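1. Whatever this is, show me its structure:
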Amino acid sequence: MKKSIRFLVFITGSVLLFFLFQYQFSIYNTWDSWSLPLSGKVIIVDPGHGYPDPGAGPEGAFEKDIAFNISLLLRDYLQEAGALVILTREDDFDLADKGLKGYSKRKTQDLLRRVELINKTDGDLLVSVHLNSLPSPKWSGAQTFFYPRFEENKQLAKLIQKEMEINLENTVRHAKAINHVYVLKEAEMPSVLIEAGFLSHPGEREQLKTKAYQDKIAASIYQGILRLYTETPKGKEPSTE
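-> Alright, predicted model coming up:
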């Protein structure tokens, strides 16, 4: 009789222990999903240009430097949310051969290698960071662009545009489809291009040079990406209200 009772207690304890472990694993998995919403995502961040190509802007406000700073801040946000982030460049250089002469040749090789790097990562998303400039100093405002290949492209561009509108408080621009940007056309994954502002506008240029403003842009991009993966049901337009 005593042996039967001991056996019954042993079996009951084993079953309870099993369910306890299952419950704990469930809690931990739920916590990881909640605290790391981008876990498992591979996101490529592409800072435009790089020495010897400065991009737009005057000395002290080169596009290559500001785009790189924003990209690093964005990388940190994404990594904290659990994403694996790959930068197309990790310092002040383009991707062309060091000894290659001629701006056109370097630019062509740089773009080809960026696309090669982007596509071989088998990533989930590409974010290309640039800055704008025009001959007239009157234009200003950050804007997102997308190539209408994947449905997510438009969704993400609209979400990031809305976040920049809220956080920067100085742009009334809208997400726009474009067909001539090589990197976006050739990317084999959802992608978006960020033009973070106009370096030809004196006031906006001064803002873009500051870390605080660069962080606002990076945070806006991050929040847009987060909303894409946590709010938008597949096949539906995101809410931008």
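2. sec struct for the residue nearest to the spatial centre of the chain, please.
-> For the chain, the residue nearest the mean C-alpha position is V127 (4.5 Å; CA atoms, centre = their mean). Assigned by DSSP: H, G, I helix; E, B strand; the rest coil, the conformation of V127 is strand.
3. Please report how far it lies from L87.
-> Separation of V127 from L87 (CB to CB, to the nearest Å): 10 Å. Where C-beta positions appear, they are placed from N, C-alpha and C, glycine not excepted.
4. again, but for E165
-> If you measure E165 against L87 using CB to CB, the figure is 26 Å.
5. what element comes up after the lowest-mean-pLDDT helix or strand in the chain heading to the C-terminus?
-> Least confident helix or strand of the chain, by mean pLDDT, DSSP states H and E, is helix 2-35 with a mean of 45. On the C-terminal side of helix 2-35, the closest following helix or strand by DSSP states H and E is strand 42-47.
6. chain center to that following strand, what's the gap?
-> Relative to the chain's own centre, strand 42-47 is displaced by 6 Å; criterion: CA atoms, centre = their mean, to the nearest Å.
7. Same check on stretch 74-89?
-> The answer for stretch 74-89 is 7 Å, by CA atoms, centre = their mean.
8. Mind splitting this structure into its structural domains?
-> Domain assignment for the chain, taken from automatic domain parsing, gives 1-35, 38-230.
9. Could you identify which of these is most buried?
-> When you average the neighbours per residue for each of the domains of the chain (mean count of other CB atoms under 10 Å), domain 38-230 leads with a mean of 19.
10. how about the nearest residue to G48 once chain neighbours are set aside, what does it touch?
-> Sequence neighbours aside, H130 is the residue nearest to G48 in space, at 4.0 Å (criterion: CB to CB, 6 or more residues apart in numbering). Residues counted as contacts of H130 (CB atoms under 8 Å, 6 or more residues apart in numbering) are 48-49, 55, 63, 67, 193-196.
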